[in-house]
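Trainee: Kindly return the folded structure for what I paste below:
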Amino acid sequence: AMSKKDGAVMNRVKVVVRLRPLFVRGESEENANVIQYDVANKLLWVMPRDAEDKKNRRQFKFDGLVGPESTQYDAYAAVLPAIESVFDGVNGCVMCYGQTGSGKTHTLSNMSKDPDQVGVMPRAFNRIFEYIDADAGTHQWKLTVQYVQIYTEILMDLLQPSNEPALREDNGMVVLTGAEEVPVSSADECYKVMQRGLANRATSKTLMNAQSSRSHAMYILNVERSGGPEMTLNKSSLFLVDLAGSERIKKSGVENAGRDEAISINKSLTALGRCITAMADRRGKTAPPFRESKLTRLLQTALSGGGRTSLIVCCAMGDSDVQETNSSLEFAQQAMRVQVKEVRREQMDYGAFTAHLQAQVDTNADKANAMYAQVVAKLKGDIEGAMEKSAEAAGLKSQIANLKLLNEELGRQAEALKGKGGPVKASSGPKVAEAQNKLKQMTQQLQEAQKERDEVTVMLPDIAAEYRELGGHAWHNGDTAKAQAFYEKALHAHIKCMGKEHPEVACSMGDLANVFCDQGRFDEALGLYQQAYKVHKDAFGADHVDTAGDLASMGLVYSVQGKHKDAYPLLKEAHKIMATALDPDHPNVQQVKVFLDKTKAAADVITSRPIDYALRPRRHRAWLMIGPASRVLRVGGAARNADAVTESGEILYAL
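Mentor: Residues are numbered from 1 along each chain as shown. The predicted model follows:
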């Protein structure tokens, strides 16, 4: 029932014939036994008792044959592939077709306390939820049910008769709207919904069936599977269709409203036959006339929507039914020629994919934090080792100085004795030699210690840079206390290896000042900015851009403190330097001009109220950006190095 064409999976309609047991309608023995069958080879012969009736003598072969002695399970097993298609995100359809009284409803939806007698539908519910239970939470499942009927070309909701369901097209597919959709989470709930719908289905008594279905009914089980290792979202539907029986009005004995029902049923089944014939035509010359009836419109998605379809054709075995039986079997044989390209309704499950990425981020964050702790421990050991070596070298230097003094004193005493012509005491010679030897040893130790200290000193810039990087990491994560500790260590290391007047030291001062601003410690921040300004000015000159950056930082701190008149000349000088050194359209020049204008406006009105600025420093630069504290943009709990918004709604940026 499945083949491949141009790489695509082609599904052929699978047809199973079920023969109704003899004497169900009280047929006599003379009226029975006109059908011979071979279940093993799936062959069936129609043999009318009238030897002259050659036109009704036929042989058929189908995908499956369920004989009169078979069980309900046999019928279910024959259509199981269509039921299980929903596990793969492919629509499935099981449809029962046949004349009135041939056993369609019994086969599809029979409800019985005897488990051997229940129909295909209850067994399908059990199979689907067995599969979901076996999935054991690997995926998330969402199932809903709709149940509708078509009675005299009117579409009705069997679960809520007051509804007015309709059919509409969506991306070339026919969609059922306006019908109640009931969530279900177990086979028992599906079964109860089926019972509720069957209670509202149109049935009546005919000569051929005491409880004849007078409507076409469709039970739709919508299945949605998401998550899992595939991170895909699969949506599919299982269509379980119990068609009303075809019948000859004269034979069924219906009158009045029953006659209208029979005419409507036969008309819709004729339209279905034309659709099947058109779909079976491999040349594709005729488009299936799905719009001819409500039934074919409703079945359009089930038949041509890229799913797997199984057709159960129910037949009576009596000689009086030979005409209807042949008609049903010819319909079945035509249906076997229908092929549709399989469509798997699968897409990326963005919710599951996002959760997967978040889990990876969390895992990587844990690894990063562990590495972060290792680096901190290593740096701490390196710094402590460097400090110990430095202290050891200082102690040795002090001891050597003392030994030098002792050696000099011994030398003076020896010279004094020689000048007086007196002999040098024998005991003093060894003492001098011992002191000189000790001096030599300690000098060697000092040289070694100084060498180690020099090696550590060479490492200090790298250590300082790593501390600075760790400080920036902590600061961007909103941990100002940790950032302060790292920036202080970086500043200390820079001073140790470069001295207080090096520009790198000024940058470290700016880092620490930025953290102080975050903590509201503006006076301490201002002191550091002033020191950084002096270092940059001495190193680069008063007209350098970095010097201007320090001036602007001091000006912004004054503005935050409400000292606008103190801030204005600093910002003015910073703007002048930047406008000269940089292009007039440079963002830094433009932004300092914005700060300057706002500060001037505040100074002109002589207000002591601070401008509602939120200081947001730019990493590794003695620079700030401003905007109301309540609107500083944050990501992951830490303020971004991005835009902030002023009271007037303007967006400002860090330089």
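Trainee: roughly how far apart are residue 542 and residue 591?
Mentor: Counting by CB to CB, to the nearest Å, the gap from residue 542 to residue 591 is 21 Å. Every residue, glycine included, has its C-beta placed from N, CA and C.
Trainee: So what's the residue count around the nearest residue to residue 245 once chain neighbours are set aside?
Mentor: Once flanking residues are discounted, residue 245 sits nearest to residue 100: 3.1 Å by CB to CB, 6 or more residues apart in numbering. Neighbour count of residue 100, defined by other CB atoms under 10 Å: 25.
Trainee: Can you pick out the residue with more neighbours from residue 542 and residue 591?
Mentor: residue 591 (20 against 13).
Trainee: any idea which helix or strand carries the more buried one?
Mentor: helix 587-604 (DSSP states H and E).
Trainee: pLDDT-wise, which helix or strand of this structure ranks last?
Mentor: strand 634-635 (a mean of 24; mean pLDDT, DSSP states H and E).
Trainee: dump the residue contacts of the residue nearest to residue 158 when sequence neighbours are not counted.
Mentor: Nearest residue to residue 158 in three dimensions, chain neighbours excluded: residue 197, at 3.6 Å (CB to CB, 6+ apart). The contact partners of residue 197, by CB atoms under 8 Å, 6 or more residues apart in numbering, come to 147, 158-159, 217, 219.
Trainee: one more time with 10 Å
Mentor: Contacts were defined as CB atoms under 10 Å, 6 or more residues apart in numbering; by that measure residue 197 touches 109, 145-149, 157-160, 180, 182, 217-219.
Trainee: hey, where'd the helices end up in the stretch 51-200 of the chain?
Mentor: 72-78, 80-84, 104-109, 120-135, 187-198 (DSSP state H, counting those that start in this stretch).
Trainee: So which of those helices is nearest residue 604?
Mentor: In terms of CB to CB, the element of the helices of the stretch 51-200 of the chain nearest to residue 604 is helix 120-135, at 72.2 Å.
Trainee: now that closest one: how far from the chain's centre is it?
Mentor: Distance of helix 120-135 from the chain centroid (CA atoms, centre = their mean, to the nearest Å) equals 28 Å.
Trainee: CA atoms only for it - export them in CSV, please.
Mentor: C-alpha atoms of helix 120-135 as CSV (Å, rounded to 0.1, in the frame of the first residue of the first chain):
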residue,chain,number,x,y,z
VAL,A,120,-12.4,-0.5,15.7
MET,A,121,-12.8,2.9,17.3
PRO,A,122,-12.5,1.8,21.0
ARG,A,123,-9.6,-0.4,20.1
ALA,A,124,-7.9,2.5,18.3
PHE,A,125,-8.3,4.7,21.4
ASN,A,126,-6.6,2.0,23.5
ARG,A,127,-3.7,1.6,21.0
ILE,A,128,-3.0,5.3,20.8
PHE,A,129,-2.9,5.8,24.6
GLU,A,130,-0.8,2.6,25.0
TYR,A,131,1.7,4.2,22.7
ILE,A,132,1.6,7.5,24.6
ASP,A,133,2.1,5.7,27.9
ALA,A,134,5.1,3.8,26.5
ASP,A,135,6.6,7.1,25.4
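Trainee: Flag every buried residue along stretch 237-249.
Mentor: 237-247 (16 or more other CB atoms under 10 Å).
Trainee: Considering the residues you listed, which is situated nearest to residue 581?
Mentor: Once CB to CB is applied, the member of these that ends up nearest residue 581 is residue 237, at 69.7 Å.
Trainee: Determine the three-state secondary structure at that closest one.
Mentor: strand (DSSP: H, G, I helix; E, B strand; the rest coil).
Trainee: Quick check: it touching residue 181?
Mentor: No - checked against CB atoms under 10 Å, the pair residue 237 and residue 181 is beyond contact range at 11.3 Å.
Trainee: what is in contact with these two at once?
Mentor: Contacts common to residue 237 and residue 181, judged by CB under 10 Å, 6+ apart, are 144, 146, 220, 222.
Trainee: Could you identify the most distant pair in those?
Mentor: Across the shared contacts of residue 237 and residue 181 (CB to CB), the longest gap, 8.7 Å, separates 144 and 220.
Trainee: what touches both of the two?
Mentor: With CB under 10 Å, 6+ apart as the test, residue 144 and residue 220 both reach 181, 237.
Trainee: more crowded one of the two?
Mentor: residue 220 (21 against 16).
Trainee: The more buried one contacts residue 157, doesn't it?
Mentor: No - applying CB under 10 Å, one finds residue 220 not in contact with residue 157, separated by 11.5 Å.
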